[in-house]
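Asker: give me coordinates for this.
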Amino acid sequence: MSAPPSATGRARISVRTLRTDRWWVPPLVTFLALLAFVIYGVIRTFMNQWYWVPEYHYLAPFYSPCLSTACVPGASHWGQPAPDLGPFVPPPIFVLPFVLGFRLTCYYYRKAYYRSFWASPPACAVAEPHRRYSGETRFPLIMQNVHRYFFYAALIVAAVLTYDTVIAFRGADGGFGIGLGSLLMVVNVVLLWSYTLSCHSCRHLIGGRINHFSKHPVRYWFWTKVTWLNGKHMLLAWSSLVSVALVDLYVMLVASGALSDPRLFN
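Answerer: A predicted model of the protein is given here:
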């Protein structure tokens, strides 16, 4: 039988868990998926090549915006304010901290990696291996509260990727064109915007600090739409993560010559 909850901590049970299902499968799958993305991201970041396709203006998401003087010609749409600091500080280093900061402090991702990497807890009604629990009241986890500020950075990155998508509708002759890469970038940017706008911080920004929705019908309308997106936040978190990696991989393969981009028009 389970013991009564402690007055200063979590409920304690005398056995590891009372669950009889395969509770360990979701955290294991989450662990493997996030680990695979981290490994790919590290390798791709320090690869520092094959991220720009000049014929069609495809720019890999991991390298956008490319703000370093180390960027290949044509890949820097917003200037090159950052210097070339060598192979250990590739161009993505200047932007990825803001993108990763938004994802790492995201409410859903916090739940995902707390359970899968830290086993805190590994699943509902499963005892965790930690003796003490302080929540997010101490450093470094108290820094999770900066999520609302990373949200603004994520808006800028999403806008930049939208621009990248628009200019990717380019033909080999310099005119308008549509390729498979163009369409993949559209899907990616739609998923990224959906994930970003489904954020809890966005929902609070739109509908927070209002005592009477009836007096703010426009904000209420937007709040209902963001609330609908917020209900799909987990799905959007995963789908946008996968789409970023797939589009980045696709651009890398086209830029390296391993694939040719199928053209639908021009």
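Asker: do you know how far P83 is from Y114?
Answerer: 37 Å (Cβ to Cβ, to the nearest Å). Where you see a C-beta, it was placed from the backbone N, CA and C, and this is true even at glycine.
Asker: so for the two, which residue has more residues nearby?
Answerer: With neighbours defined as other Cβ atoms under 10 Å, P83 and Y114 compare such that Y114 has more, 17 against 10.
Asker: which element follows the strand or helix carrying that one toward the C-terminus?
Answerer: Y114 is part of helix 107-116, with elements assigned from DSSP states H and E. Per DSSP H and E, the first helix or strand lying C-terminal to helix 107-116 is helix 147-167.
Asker: mind checking the SS state of W78?
Answerer: When the structure is split into helix, strand and coil by DSSP: H, G, I helix; E, B strand; the rest coil, W78 lands in coil.
Asker: next, give phi and psi for it.
Answerer: Listed backbone geometry of W78 is phi -120, psi 30, with angles given as degrees, to the nearest 10.
Asker: show me the contacts for the nearest residue to it once chain neighbours are set aside.
Answerer: Using Cβ to Cβ, 6 or more residues apart in numbering and skipping the chain neighbours, the partner closest in space to W78 is P65 (4.8 Å). Listed by Cβ atoms under 8 Å, 6 or more residues apart in numbering, the contact partners of P65 are 76-78, 95, 157, 160.
Asker: which stretches of this structure form strands?
Answerer: Counting by DSSP state E, the segments of the chain that form strands are 52-53, 58-59, 178-179, 263-265.
Asker: what's the most buried one of those strands?
Answerer: For the strands of the chain, the largest average neighbour count (mean count of other Cβ atoms under 10 Å) is found in strand 58-59, namely a mean of 29.
Asker: local confidence estimate at R19?
Answerer: Looking at R19, its pLDDT stands at 84.
Asker: ok, it - contacts?
Answerer: Here R19 is in contact with 123-126 (Cβ under 8 Å, 6+ apart).
Asker: tell me how far it lies from A127.
Answerer: R19 sits 11 Å away from A127 when distances are taken as Cβ to Cβ.
Asker: H130: how many residues sit nearby?
Answerer: 12.
Asker: could I get the strands of the chain as a markdown table with distance to S14 and mean pLDDT?
Answerer: Rendered in a markdown table, the data for those read as follows (distance: least, Cβ to Cβ, whole Å; pLDDT from 0 to 100):
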| stretch | distance to S14 | mean pLDDT |
| --- | --- | --- |
| strand 52-53 | 59 | 98 |
| strand 58-59 | 56 | 98 |
| strand 178-179 | 61 | 96 |
| strand 263-265 | 63 | 92 |
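Asker: for A172, find the nearest of those.
Answerer: Taking Cβ to Cβ, strand 263-265 is the member of the strands of the chain nearest to A172, at 7.7 Å.
Asker: sheet partners, orientation included, of the closest one?
Answerer: Based on DSSP bridges, the strands next to strand 263-265 in the sheet, each with its direction, are strand 178-179 (antiparallel).
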